[in-house]
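J.: A predicted structure for the sequence below; I have some questions about it.
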Amino acid sequence: MNTSLRFGKRHERKLILLLCAIAALRVFIFSAAFPFFNNVDEQAHLDLVMKYARGDVPRDLGHYSSESANYISLYGTPEYFTPPQQFKANHFPPPNWRLPAEQLEDVLNKTSGWWQANENHESGEPPLYYTIAGLWLNLGRLFGIADGWLLYWVRFLNVFVAATLVWVGFAAAKLVFPDNQFIRLNVPLLLAIWPQTVFYSIQSDSLSPICFGIAFIGLIKLLEAERPSLLLAIWTGFALAATCLAKTTNIALLFVVPIALIFKFRNLSERRTLRPLLLSVAALIGSVAVPIALWFAWNVHTFGDLTATASKLDFLGWTRKPLSNWWPHPIFTLHGLKEFWPDLMASFWRGEFVWHGTRLACQATDAFYWISSTVAILLTPISLIWRRSKLIPFQRQSLWLALSSFVVLVLLLAVLSIAFDFGLCVYPSREHPYFTSGRLISAAAVPFFLLYSYALQRVLSWIPMQWPRIILLGGIVLFIVLSQSVVNSRAFWSHYNLFHLSQSLLRSLPMWSRSVIVLSSSH
C-alpha cells in the first residue's frame with residue numbers, strides 16, 4: 001500500500017495538470033457552443049468590459065455604449081428566451097451577420113438604438129473582473145482579433161480561470177489533508193468537471209471562486225503556522241479584498257475572518273505567543289481594509305452610497321421592507337424552504353442558463369445535486385463534533401472554516417430574499433421571492449468541494465470492499481459529466497454559436513458592418 005501511495009504521489013502533479021487541462025477544454029468547448037447573449041445579463045457585463053477596456057469607468061448607471069450595442073445587435077440570438085414555434089416555419093431566423101447589407105443596416109439601427117437608450121444596471125458592480133477582462137480584450141485586439149471572434153475571446157478568459165481553480169482546489173486539499181490522497185485528488189477532480197455555466201459566459205462571478213480559494217488557503221495557512229509571516233498575512237488580505245472587488249455579495253465572506261482569528265488565538269493562547277501574532281493580524285486587516293475602503297470611497301463619490309447598489313435597486317424596482325415585515329416570508333415555511341434550498345443547490349452545481357425559455361436542467365440530476373450536497377453539509381459538522389473521527393485539530397478547524405464560508409453566503413441570500421419587496425421584477429418576484437442563483441455562492445466552491453469530498457470519503461468508508469468504492473466514485477463522476485453534456489448539447493446545434501460563426505462570418509458579414517464595429521471600438 002505504501003509503495004502504491006508513493007507511486008501515486010510521484011505522478012500526482014501530472015494528474016492535476018491533466019485535470020487542469022480537462023477543465024480548460026470543457027470551458028472552451030461549452031463557451032464556444034453557447035451563442036451570445038445568455039439570460040444572466042451577459043449584455044450588461046460585455047458593455048462594462050468594453051467600457052473598462054477604454055478606461056471609461058462608470059460613474060452612474062449610464063447607458064449602453066454604441067460599441068457594445070452594435071455587438072449585441074449583430075451577434076445576439078433569440079434562442080435563450082424564445083421557442084422556435086414563435087417564428088415563421090417554426091425556425092429561428094438566420095443570424096443578423098448573415099443578412100444582406102440593406103437589411104442589416106436597418107436592423108442594426110433599430111436594435112442598437114434601443115440598447116443605447118437603456119441604462120446598464122450592472123454599472124455599480126466592483127471593478128476587478130471588468131478591469132482584467134478589459135485588458136484581455138485589448139490584448140485580443142492587439143493580436144488582430146475582431147468581430148464576433150472578439151466576443152468569444154473575452155469568454156475564453158474563463159478557460160484560464162477554470163484551469164487555475166483546479167490547481168487552487170488541489171493546493172487547499174493538500175494543505176488540509178496532506179496524507180489523504182482521496183481528498184487531495186477528489187477536490188480538483190470535482191472542480192474540473194463542475195458544470196457551473198458561469199464559466200461559459202462573460203460574467204464577473206467567474207473570478208469569485210479563485211479569489212476566495214486563494215484567500216481560504218491563506219486563512220488555513222494562518223491556522224497552521226506557528227508564527228504567521230507578514231507576507232502571508234498581506235497576500236491573504238489582498239485575496240480577501242479581491243474577492244469583494246469581484247462581486248459585491250462576496251463581502252459576506254469577511255465574516256469568516258473573525259472565525260479564523262478566534263481559532264488562531266485559541267490555539268496560541270496556551271503557548272503564550274499571542275503578541276507576535278498581533279502584527280500579522282494587523283497586516284491582514286489592513287490589506288483587506290485599504291482596497292475595500294478605496295472602493296467604498298469611490299462609490300460614495302460617484303454613486304452616492306457605499307456599495308453602489310441604491311441606483312440598481314431603483315432600476316429594478318426593489319424596495320427594502322421594514323424589519324417587522326420580514327417574518328411573514330414563505331422561506332420560514334416548509335414549502336418555502338423546499339423551494340429555496342433545492343433550487344439554490346441545483347443552481348450552484350449546474351448554473352442558470354435557459355434555452356428556448358426553459359431551464360437547462362434535468363430533474364434527476366438536480367435531485368442528486370441538492371440531496372448529495374445536503375448530506376455533505378449535514379454530515380460534516382456531525383463528524384466534526386464526534387470526537388472519534390480521526391482528525392487533528394488543524395483539520396477540524398479548517399473544515400469548520402470551510403463550512404462557515406459556504407453557510408455565510410447561503411444565509412446572505414436568505415436574508416436578501418427576506419429583506420426586499422421585489423415589485424414587478426421577474427426574478428426574484430413577489431410570487432417567488434427567493435435568491436436561488438447559485439453563482440452568488442460560487443465564491444465558496446473550493447471550501448464546499450473540500451467538505452463534499454470529506455463527506456464522500458466518510459460515506460464510502462462504510463463500504464467494506466475497495467472495488468465498490470471505486471465503482472461508486474467513478475459512477476458519480478460519469479453521471480455529472482454525461483448529464484452536463486446531455487443538458488447542454490442543444491446549444492451545439494445553434495446557428496449563432498462560434499462553430500457556425502467561424503464557418504460563415506467572413507463570407508457573410510458585409511465589409512461595411514465590420515468597419516462600423518472597428519470604428520465604434522476606437523472611440
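T.: Sure, I can see it. As the structure is a prediction and not an experimental result, all values here were calculated from the model.
J.: off-centre distance for stretch 114-133?
T.: 17 Å (Cα atoms, centre = their mean, to the nearest Å).
J.: what comes up buried for that stretch?
T.: Neighbour counts over stretch 114-133 (16 or more other Cβ atoms under 10 Å) mark 115-116, 120-133 as buried. C-beta here means a position set from N, CA and C on the backbone, and glycine is covered the same way.
J.: can you give me the strands in the stretch 301-450 of the chain?
T.: 319-320, 354-355, 358-359, 420-421 (DSSP state E, counting those that start in this stretch).
J.: ranking these by burial, who's on top?
T.: strand 354-355 (a mean of 18; mean count of other Cβ atoms under 10 Å).
J.: who's in contact with that strand?
T.: Strand 354-355 has contacts (Cβ atoms under 8 Å, 6 or more residues apart in numbering) with 39, 79-81, 360, 490-491.
J.: and which of those residues is nearest residue 179?
T.: residue 360 (40.0 Å; Cβ to Cβ).
J.: let's have the strands of the stretch 301-450 of the chain in a markdown table, adding mean pLDDT and distance to residue 375.
T.: Formatted as a markdown table, those follow (pLDDT from 0 to 100; distance: least, Cβ to Cβ, whole Å):
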| stretch | mean pLDDT | distance to residue 375 |
| --- | --- | --- |
| strand 319-320 | 92 | 36 |
| strand 354-355 | 95 | 28 |
| strand 358-359 | 94 | 24 |
| strand 420-421 | 92 | 31 |
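J.: those: which one's closest to residue 501?
T.: Taking the strands of the stretch 301-450 of the chain one by one with Cβ to Cβ, strand 354-355 is closest: 18.3 Å.
J.: re earlier: nearest to residue 292 among the contacts of strand 354-355?
T.: Closest to residue 292, out of all of the contacts of strand 354-355 and judged by Cβ to Cβ, is residue 39, at 30.4 Å.
J.: helix/strand/coil for the closest one?
T.: When classified by DSSP: H, G, I helix; E, B strand; the rest coil, residue 39 comes out as coil.
J.: against residue 15, how distant is it?
T.: 36 Å (Cβ to Cβ, to the nearest Å).
J.: check residue 59 too.
T.: In terms of Cβ to Cβ, residue 59 sits 48 Å off from residue 15.
J.: shaky segments in the stretch 251-400 of the chain?
T.: Within the stretch 251-400 of the chain, the ranges that satisfy pLDDT under 70 run 269-274, 387-388.
J.: typo on my end, it should be the chain
T.: Looking at the chain by pLDDT under 70, you get 1-10, 269-274, 387-388, 503-523.
J.: quick one, longest helix in it?
T.: The helix that spans the most residues within the chain, counting by DSSP state H, is helix 274-302.
J.: in that one, which of the residues would be classed as buried?
T.: For helix 274-302, using 16+ other Cβ under 10 Å, the buried residues are 277, 280-281, 283-284, 287-288, 291-292, 295, 299.
J.: before we move on, what about stretch 318-331?
T.: So for stretch 318-331, counting by 16+ other Cβ under 10 Å, buried means 318, 329-331.
J.: in TSV, list the residues you listed along with distance to residue 247.
T.: Below are the buried residues of stretch 318-331 laid out as TSV (distance: Cβ to Cβ, whole Å):
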residue	distance to residue 247
318	18
329	24
330	26
331	22
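J.: which of these sits closest to residue 308?
T.: Nearest to residue 308 among those is residue 318, at 14.8 Å by Cβ to Cβ.
J.: touching, the closest one and residue 424? I think so.
T.: No. Counting by Cβ atoms under 8 Å, residue 318 stays clear of residue 424, with 10.0 Å between them.
J.: for residue 191, give me its contacts.
T.: By Cβ under 8 Å, 6+ apart, the contact list for residue 191 reads 19, 23, 165-166, 169, 445-446, 449.
J.: what's it sitting at in phi/psi?
T.: phi -70, psi -30 (degrees, to the nearest 10).
J.: okay, now the residue lying closest to it once chain neighbours are set aside: neighbour count?
T.: Sequence neighbours aside, residue 169 is the residue nearest to residue 191 in space, at 4.4 Å (criterion: Cβ to Cβ, 6 or more residues apart in numbering). If you count neighbours by other Cβ atoms under 10 Å, residue 169 ends up with 33.
J.: host element of residue 169?
T.: Assigned by DSSP states H and E, residue 169 falls within helix 157-176.
J.: now residue 308: how far from residue 295?
T.: 9 Å.
J.: and residue 199, by the same measure?
T.: 25 Å.
J.: check residue 418 too.
T.: Taking Cβ to Cβ, one finds residue 418 at 26 Å from residue 295.
J.: got the buried residues for stretch 382-392?
T.: 383-384, 391.
J.: closest one to residue 266 out of those, please.
T.: residue 384 (15.3 Å).
J.: and the closest one, what does it touch?
T.: So residue 384 contacts 391, 396, 399-400 (Cβ under 8 Å, 6+ apart).
J.: and the residue nearest to residue 24 when sequence neighbours are not counted, how far is that from residue 482?
T.: Leaving aside its sequence neighbours, residue 24 sits nearest to residue 163 (Cβ to Cβ, 6+ apart; 4.2 Å). Going from residue 163 to residue 482 by Cβ to Cβ gives 22 Å.
J.: what do you get for residue 180?
T.: Residue 180 is 28 Å from residue 482, by Cβ to Cβ.
J.: neighbour-wise, which of those two wins?
T.: Between residue 180 and residue 482, counting by other Cβ under 10 Å, residue 180 is the more crowded of the two (17 against 11).
J.: does the nearest residue to that one once chain neighbours are set aside lie in a helix or a strand, and which?
T.: Closest residue to residue 180 apart from its sequence neighbours, by Cβ to Cβ, 6+ apart: residue 457 at 7.4 Å. Element membership of residue 457, judged by DSSP H and E, is helix 445-460.
J.: contacts for that helix?
T.: So helix 445-460 is in contact with 165, 168-169, 172-173, 176-177, 180, 182-183, 186-187, 190-191, 194, 196, 209, 212-213, 216, 348, 372-373, 375-377, 379-380, 383, 398-399, 401-403, 405-406, 469, 472-473, 476, going by Cβ under 8 Å, 6+ apart.
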